[in-house]
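Asker: what shape does this take:
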Amino acid sequence: MEKDREKWNKKYESGEYLLKDPSEIVKKFYHLAPKGYALDIACGLGRNALFLAEKGFIVDAMDISDIALEKLKNKENINPIRADLDIYNLPEEKYSLVLNINYLNRRLFPQIKESLIKGGILIFQTFTLHNEKGFMQPKNKDFLLRKNELLKAFSDLYIIYYEEKEIIKPDNEKAFISSLVAKKECLI
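Answerer: Numbers count the residues shown, from 1 in each chain. Predicted structure coming up:
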């Protein structure tokens, strides 16, 4: 945990992650969730958490970086939570909206589903393996989804939207992403 915390603190201190606007997928689909508690997993500097708080959600903004979370202290409707997501367990049936943007921890997949209330919405978007030359290739391929993996992992939710596509990141690097919006429905 300490090594990860130091790595992310250094990145946030350097200004390497200065995205200010909320993710497009969040802006497009947040309104489908009933107002209530929201969770922003690996929130970073809080661009999505701040947006949701402005829209009336009470947001648990979770990250390993105390530098990032410090920027969210004393913000209305935001509860910064420092957590090592490799060992932290999400609460059950608490959130009407869960965001997982640009982060991948497969251990959390079942917990994410269980953390949603009935009628709750999941918005999940992160990088996907794409072996073509010229695409972002992290050293550890475990940090990338496989094609259709996100769709399969959350197929027991009602899928509202799913897409895999090429994007250009703010640093002009090409990447491939998977995006999913799903609803936890009551089963009879």
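Asker: quick one, strands of the protein?
Answerer: 37-41, 58-63, 78-82, 95-101, 116-127, 158-168, 174-183 (DSSP state E).
Asker: mind putting these in JSON lines, mean neighbour count included?
Answerer: All C-beta atoms are positioned from the backbone trio N, CA, C, and that covers glycine. Listed next are the strands of the chain as JSON lines, based on neighbours: other Cβ atoms under 10 Å:
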{"stretch": "strand 37-41", "mean neighbour count": "27"}
{"stretch": "strand 58-63", "mean neighbour count": "24"}
{"stretch": "strand 78-82", "mean neighbour count": "18"}
{"stretch": "strand 95-101", "mean neighbour count": "25"}
{"stretch": "strand 116-127", "mean neighbour count": "21"}
{"stretch": "strand 158-168", "mean neighbour count": "13"}
{"stretch": "strand 174-183", "mean neighbour count": "21"}
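Asker: closest to residue 23 out of the ones you listed?
Answerer: strand 95-101 (5.2 Å; Cβ to Cβ).
Asker: by mean pLDDT, flag the weakest helix or strand of the chain.
Answerer: Of all helical and strand segments in the chain, the minimum by mean pLDDT, DSSP states H and E falls on helix 2-14, at a mean of 56.
Asker: show me what contacts the nearest residue to residue 83 once chain neighbours are set aside?
Answerer: In space, and not counting its chain neighbours, residue 83 is closest to residue 62: 5.1 Å by Cβ to Cβ, 6 or more residues apart in numbering. Residues in contact with residue 62, defined by Cβ atoms under 8 Å, 6 or more residues apart in numbering, are 39-43, 81-83, 85, 88.
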